[in-house]
Every structure is written in structure tokens, then in C-alpha cells.
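**Student:** return atomic coordinates for the entry below.
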Amino acid sequence: MGVFPQGRSKSSDISAHEVYGDEFFKETTKYNPHSPYSASKAGSDHFVRAFHDTYGMPTIVTNCSNNYGPCQFPEKLIPLFINNIRHRKPLPVYGKGENVRDWLYVVDHARAIDVIFHKGKVADTYNIGGFNEWKNIDIIHVIIKTVDRLLGNPEGHSEELITYVMDRMGHDLRYAIDSTKLKNELGWEPTLQFEEGIEKTVQWYLDNQEWMDNITSGAYDSYYEDMYKNR
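**Tutor:** The predicted model follows:
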């Protein structure tokens, strides 16, 4: 393989915040993955950078925080809990729910990728965060309150569904992403705060219950059973 042809389009690697480990991090923070998943993401980032260094491939790496919004597969926390509240099923909370995550509405993430792809510097790295750090247990209370209200349930109706389960192995306590560089250099910032974004998200899933029911049938049931059985 020779030098990458000039004039070819950029390649944008969409990676995750987990590669930095359990701390507040910037683009200059040393990688410190704590699980096989995060190690695989870190490895892919290094491959992308190596292709630029070796072959001149025009690449950019982005590391994003937790995404949420419409059409997310219901293994993820927010759609999982919306669906379980609908069906009066337990809401499995890892540990004591003290894990902290930054949340980014999916449309804001797409906007950031578009800005970075067209205006970002080749061979650079950009963190994409929502400036929305929440403890998991606090998010769960917001989801419960929102779903119950939109379903016409009494306030606090679904709080009894909260079920604490054993934490996952290699589960970092906090992912704190700093996307100040993206804001200052390229002018991007999120348009939705979490309370507004979660309202739109919950409403979408309640308006598309047939989609959710189709997704959560069959193989999903087996996955769910394996994931939360005996915790």
C-alpha cells in the first residue's frame, strides 16, 4: 500500500469516552481503558491514527459521551426503562446508581460530527459532550416522573419498580468529558439540556410503541434474561 491519494475525503472515527478511563478528561488525557470493550475502542483509535501517520489518510477521531434519543436499541438505559415502566417490569439499577455519565442528545451528536467533518483539523481529536453530568439514579427518577406523567399515572407510581442489581465488571464510576475545545474552535455546543431532551425522547417511544414491541420480541428477550438474571 502506498501513500494515500491526495484530495480524498476525510475519514471520521466515532469513538467513545470510555477510552480515557474513570476521570475528567480532555483530548490530551492519556488513554486508560478499564474493560475489554473500552480497550477495543482505544485500539481502533490508534489504528486510525496509524493510518494517517503511515499512509497520509486524512482522519479525525471523535470521542463522545452517552447518546440518547429516538430509535435507540432498548438494551440502553433510557429506552430500557421507558419500556419497562410501560410493562410494569423491574428497573435494574447497577450498584447504588451512583455512576455518573454525561448525556448527549443524538441530534446534537450528529450536528457535532457534521461540523467536525467539514471544519475540523485532519489528524486532530475532538471530544463531544453534552455538558450534562447526571448520576444514574437521578436520571432514573427523571425518566420515571416523565413517563408516569405522560401515561397519566399518579406521581411516583413507578418508583417501586426500581431494583438494585450487582454492578458490571469493569464499570467505571464516572465519565466526565470536556468538549470545550470543540466549542471554542468550531463553535459547536449542544442545543438541548437533558430535561428537554428526555421529554422529547420519552414522547417518541410512547408514540412508537409498536416499533418498540417489535424490537423487544424474540432474541431480545433472551438477551435481557442473560443480562440481568441472578444479579
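**Student:** which residue is nearest the middle of the protein?
**Tutor:** residue 66 (2.0 Å; C-alpha atoms, centre = their mean).
**Student:** quick one: secondary structure of residue 107?
**Tutor:** helix (DSSP: H, G, I helix; E, B strand; the rest coil).
**Student:** that one touches residue 68, doesn't it?
**Tutor:** No: Residue 107 is beyond contact range of residue 68, at 10.5 Å (criterion: C-beta atoms under 8 Å). Where you see a C-beta, it was placed from the backbone N, CA and C, and this is true even at glycine.
**Student:** which of the two has more neighbours?
**Tutor:** residue 68 (24 against 16; other C-beta atoms under 10 Å).
**Student:** pull the contacting residues for the more buried one.
**Tutor:** Residues in contact with residue 68 (C-beta atoms under 8 Å, 6 or more residues apart in numbering) are 76, 78, 103-106, 197-198, 201.
**Student:** can you give me the strands for this structure?
**Tutor:** For the chain, applying DSSP state E gives strands covering 11-16, 24-25, 59-64, 66-68, 91-94, 100-105, 125-128, 133-135, 162-165, 176-177.
**Student:** what sits against residue 204?
**Tutor:** For residue 204, the contact set (C-beta under 8 Å, 6+ apart) comprises 69-70.
**Student:** can you check the one 5 residues further on too?
**Tutor:** Taking C-beta under 8 Å, 6+ apart as the definition of contact, the neighbours of residue 209 are residue 86.
**Student:** now the phi/psi pair for residue 70, please.
**Tutor:** Main-chain torsions, residue 70, degrees, to the nearest 10: phi -60, psi 150.
**Student:** picking up where we left off before, which of the contacts of residue 68 has the most neighbours?
**Tutor:** residue 104 (27 neighbours).
**Student:** isn't that one right next to residue 128, touching?
**Tutor:** Yes: contact criterion C-beta under 8 Å: residue 104 and residue 128 qualify, at 6.6 Å.
**Student:** on that earlier part again, in terms of distance to residue 135, which of the contacts of residue 68 ranks first?
**Tutor:** Proximity to residue 135 was ranked across those by C-beta to C-beta; first place goes to residue 103, at 11.3 Å.
**Student:** check that closest one and give its pLDDT.
**Tutor:** pLDDT, residue 103: 96.
**Student:** who does it bridge with?
**Tutor:** Taking DSSP bridges as the rule, residue 103 bridges to residue 66.
**Student:** give me the number of residues near the nearest residue to residue 32 once chain neighbours are set aside?
**Tutor:** With sequence-adjacent residues excluded and distances taken as C-beta to C-beta, 6 or more residues apart in numbering, residue 32 is closest to residue 21, at 3.3 Å. Look at residue 21: counted by other C-beta under 10 Å, it has 19 neighbours.
**Student:** likewise for residue 23?
**Tutor:** Neighbours around residue 23, by other C-beta under 10 Å: 13.
**Student:** was I right about the residue nearest to the centre of the chain contacting residue 103?
**Tutor:** Yes: applying C-beta under 8 Å, one finds residue 66 in contact with residue 103, separated by 5.2 Å.
**Student:** which stretches of the chain aren't confidently modelled?
**Tutor:** 1-8, 229-231 (pLDDT under 70).
**Student:** so where do the helices sit in it?
**Tutor:** Along the chain, counting by DSSP state H, helices occupy 36-55, 77-86, 106-119, 136-151, 180-186, 194-207, 209-215, 219-228.
**Student:** of those helices, which stretch is the most buried?
**Tutor:** Mean neighbours per residue, mean count of other C-beta atoms under 10 Å, is largest over the helices of the chain for helix 77-86, with a mean of 22.
**Student:** for that one, what is the distance to the chain centroid?
**Tutor:** Relative to its chain's centre, helix 77-86 lies at 16 Å (C-alpha atoms, centre = their mean, to the nearest Å).
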